[in-house]
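In: Sequence first, predicted coordinates after that:
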Amino acid sequence: YAPLDVFYDVVGVSSSTCPGNSRLFTITFDPEPVLDPTVGTIVCSDEIVGVTLNTIPSSVAALNYNVINKTIPGGITQGGSNVPAPANGVGINYFTNDTYTNQTGSSVNVTYEVRPVSADGCIGDSEFVVVRINPEPVVDPNLTASVCSDDVIGIILNTNGISVGADTYDLISVVPDAALVANAGNVSPANGLADNAIQNDTYTNTTSNPLQVIYTVRGRSAVADGDCLGDESTITVTINPEPVVNPSLDATICSGEISDIVLSTNGVSVAATSYNFTAVNIISGAATPQAGNAAPGGPFNQDVIRNDRFENVGTIDAVVEYRVVPVSPSGCLGEEEVILLTVQPEPILDPSLSPAPVCSDLPSMITLVEQAGTVAAASFNITGIAVQSGLIPGGSNSTIQNGVAANAIFNDSYTNTTNSSLTVTYTIAPVSATGCIGENAQVIFTINPAPEVADLNTITCSDETSEIQLTTSSGSAVATNYEIIDIRPAAGLVP
């Protein structure tokens with residue numbers, strides 16, 4: 001690559017063909033630099049081209065270079081800080097930091113036409129530097145979802161249908177709103193993930209408003225396509241809130257009373273517009289559901305179990321378990337909530353308390369008591385006393401009142417002056433120590449009539465017989481015999 005000479009020996013010839021003396025001329029040719037044809041390269045979209053210009057070893061060195069032109073095919077975009085072309089007298093790294101974005105489906109070539117220039121100012125031949133730009137995958141910008149709390153987000157990662165496909169994906173970050181609770185099994189940021197990496201992620205939103213989680217991802221093309229990373233893309237997922245059943249709905253009632261449970265949410269979550277009633281079970285004790293009680297199903301309003309009743313005639317509390325799922329206005333299901341209804345037992349009056357008939361004016365001797373096998377009665381309510389016509393109540397008899405003792409009617413007595421048996425019907429409800437009132441029951445007290453001696457007063461002469469025949473008054477019961485209780489003759493009478 002040294003200068004080379006060319007020698008010319010020249011003789012002038014006149015018009016008459018006479019030659020002159022010869023003259024020796026020397027022309028020195030300085031060498032031209034030759035650009036290294038291997039400086040082209042292959043890079044990914046958005047990477048710097050990294051080309052360092054150089055000459056081949058057998059040529060003279062280049063002092064600088066002239067960039068004659070660069071050819072950029074359609075479909076790709078050059079970086080904003082790329083150097084201009086043409087440009088003369090540039091250095092070896094003139095376009096090293098140029099970048100190109102290729103979001104097509106295949107590789108494209110950017111071609112720089114370059115001529116090296118020696119220190120002597122000799123310009124070499126044009127050489128074409130080819131930089132292949134491998135495409136980057138572009139994540140589909142329409143990937144988004146709006147799901148209910150606790151539902152899988154269901155997103156399958158994909159490209160936009162124009163760029164090269166992604167072989168894998170890098171999950172750069174996951175940023176949920178502060179009130180969202182991520183499932184423990186959700187995917188964490190990592191590289192080289194499959195397209196279904198975030199498909200089964202779930203989040204719990206128990207607030208009153210929709211919340212968001214933002215995924216930042218980028219695609220990576222296959223090795224055959226250059227193993228190129230795409231730009232980061234964000235995917236926004238909206239998590240609609242789920243209602244939360246009020247945890248304070250448990251209730252305690254007496255046997256036969258309505259539950260009076262009105263379903264509601266906890267005051268923090270989104271409100272429920274309906275409820276699914278999934279199950280009802282008696283988990284302890286014994287209770288009988290009453291006709292008209294709610295059956296599992298839905299959707300129902302908040303009063304679905306309000307009028308439910310259960311009969312408990314045992315000796316211990318029964319516990320009824322309701323399982324309820326609230327439903328939001330957008331159709332999001334909340335967590336199943338267990339509501340416990342405690343049904344306290346009611347006492348049952350002993351049905352054998354009606355005594356054998358007694359005679360007029362004798363006490364009933366009835367002691368009130370509950371039926372064996374039912375909860376004990378602490379007191380009794382006398383809710384009715386029906387006395388048949390012809391009976392005269394004793395002056396200290398019981399009256400209609402609540403909270404009486406077991407001996408409340410023990411000393412009740414009635415005078416029966418008719419000629420047939422008559423009854424008194426007591427209507428009584430037993431009351432447990434917890435205040436649970438049993439069903440009204442009847443105790444029938446039968447009073448047999450007492451015969452009434454007729455008015456037998458008479459007047460006779462001394463020493464005559466009285467001629468009195470003992471008998472009962474009209475309308476009275478017939479006497480089968482008589483007892484003479486006393487004889488009191490007046491002074492002066494001799495029997």
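Out: Everything's here; your move. Numbers count the residues shown, from 1 in each chain.
In: Please count neighbours and contacts with C-alpha atoms only from this point.
Out: Will do.
In: Any idea how many residues pack against residue 67?
Out: Neighbourhood size, residue 67 [other C-alpha atoms under 10 Å]: 23.
In: What separation do you get for it and residue 114?
Out: Using C-alpha to C-alpha, to the nearest Å, residue 67 is found at 5 Å from residue 114.
In: Repeat that for residue 276.
Out: Between residue 276 and residue 114 the computed distance is 76 Å (C-alpha to C-alpha).
In: go on, residue 277?
Out: For residue 277, the distance to residue 114 (C-alpha to C-alpha) stands at 80 Å.
In: Next: residue 452.
Out: Applying C-alpha to C-alpha, one obtains 149 Å for the distance of residue 452 from residue 114.
In: ok, now residue 406?
Out: For residue 406, the distance to residue 114 under the criterion C-alpha to C-alpha works out to 120 Å.
In: quick one, which of the two is more surrounded?
Out: Comparing residue 406 with residue 114 by other C-alpha under 10 Å, the one with more neighbours is residue 114, at 23 against 17.
In: quick one: the more buried one is in a strand?
Out: Yes - the assignment for residue 114 (DSSP: H, G, I helix; E, B strand; the rest coil) places it in a strand.
In: bridging residues for it?
Out: Here residue 114 sits in beta bridges with residue 67, residue 127, going by DSSP bridges.
In: just checking, it touches residue 71?
Out: No - applying C-alpha atoms under 8 Å, one finds residue 114 not in contact with residue 71, separated by 11.8 Å.
In: For the residue nearest to the spatial centre of the chain, give me its contacts.
Out: Among the residues of the chain, residue 334 comes closest to the average C-alpha position under C-alpha atoms, centre = their mean, at 2.5 Å. By C-alpha atoms under 8 Å, 6 or more residues apart in numbering, the contact list for residue 334 reads 149, 242-245, 325-328.
In: Widest-spaced pair of these?
Out: The largest distance within those, taken as C-alpha to C-alpha, falls between 149 and 245 and amounts to 14.6 Å.
In: I figured residue 165 hits residue 159, correct?
Out: Yes - counting by C-alpha under 8 Å, residue 165 sits close enough to residue 159 to count as a contact (6.1 Å).
In: And the pLDDT at residue 459?
Out: At residue 459 the predicted local distance difference test score is 81.
In: my read is it is in a helix, agree?
Out: No - for residue 459, which was evaluated using three-state DSSP, the result is coil, with no helix membership.
In: residues contacting it?
Out: Applying C-alpha under 8 Å, 6+ apart, one finds that residue 459 lies in contact with residue 466.
In: what residue ranges in the stretch 351-495 of the chain score low on pLDDT?
Out: 454, 456, 467, 471-480 (pLDDT under 70).
In: Let me fix that, I meant to ask about the stretch 1-150 of the chain.
Out: In the predicted model of the stretch 1-150 of the chain, residues 1-2, 28 satisfy pLDDT under 70.
In: which residues in the stretch 201-350 of the chain form strands?
Out: For the stretch 201-350 of the chain, applying DSSP state E, counting those that start in this stretch gives strands covering 203-204, 211-220, 233-240, 251-254, 274-284, 288-289, 297-300, 310-311, 318-327, 337-344.
In: repeat for the stretch 1-150 of the chain
Out: Counting by DSSP E, counting those that start in this stretch, the stretch 1-150 of the chain has strands at residues 4-13, 19-29, 41-44, 64-71, 76-78, 87-90, 100-102, 108-117, 127-134, 145-148.
In: could I get the ones you listed as JSON lines with distance to residue 232?
Out: As requested, these are arranged in JSON lines below (distance: least, C-alpha to C-alpha, whole Å):
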{"stretch": "strand 4-13", "distance to residue 232": "58"}
{"stretch": "strand 19-29", "distance to residue 232": "56"}
{"stretch": "strand 41-44", "distance to residue 232": "15"}
{"stretch": "strand 64-71", "distance to residue 232": "28"}
{"stretch": "strand 76-78", "distance to residue 232": "17"}
{"stretch": "strand 87-90", "distance to residue 232": "34"}
{"stretch": "strand 100-102", "distance to residue 232": "14"}
{"stretch": "strand 108-117", "distance to residue 232": "22"}
{"stretch": "strand 127-134", "distance to residue 232": "17"}
{"stretch": "strand 145-148", "distance to residue 232": "18"}
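In: Of the ones you listed, give the one that comes closest to residue 188.
Out: Between residue 188 and these, the tightest spacing by C-alpha to C-alpha is seen for strand 145-148, at 18.8 Å.
In: Can you tell me which of the contacts of residue 334 is nearest residue 5?
Out: Closest approach to residue 5 among these (C-alpha to C-alpha): residue 149, at 87.5 Å.
In: quick one, what contacts the residue nearest to the closest one when sequence neighbours are not counted?
Out: Computed as C-alpha to C-alpha, 6 or more residues apart in numbering, the closest residue to residue 149 that is not its neighbour in sequence is residue 204, at 4.8 Å. Residue 204 makes contacts with 149-150, 180-183, 239, 241-242, as judged by C-alpha under 8 Å, 6+ apart.
In: try 10 Å this time
Out: Listed by C-alpha atoms under 10 Å, 6 or more residues apart in numbering, the contact partners of residue 204 are 148-151, 179-183, 211, 239-242, 334.
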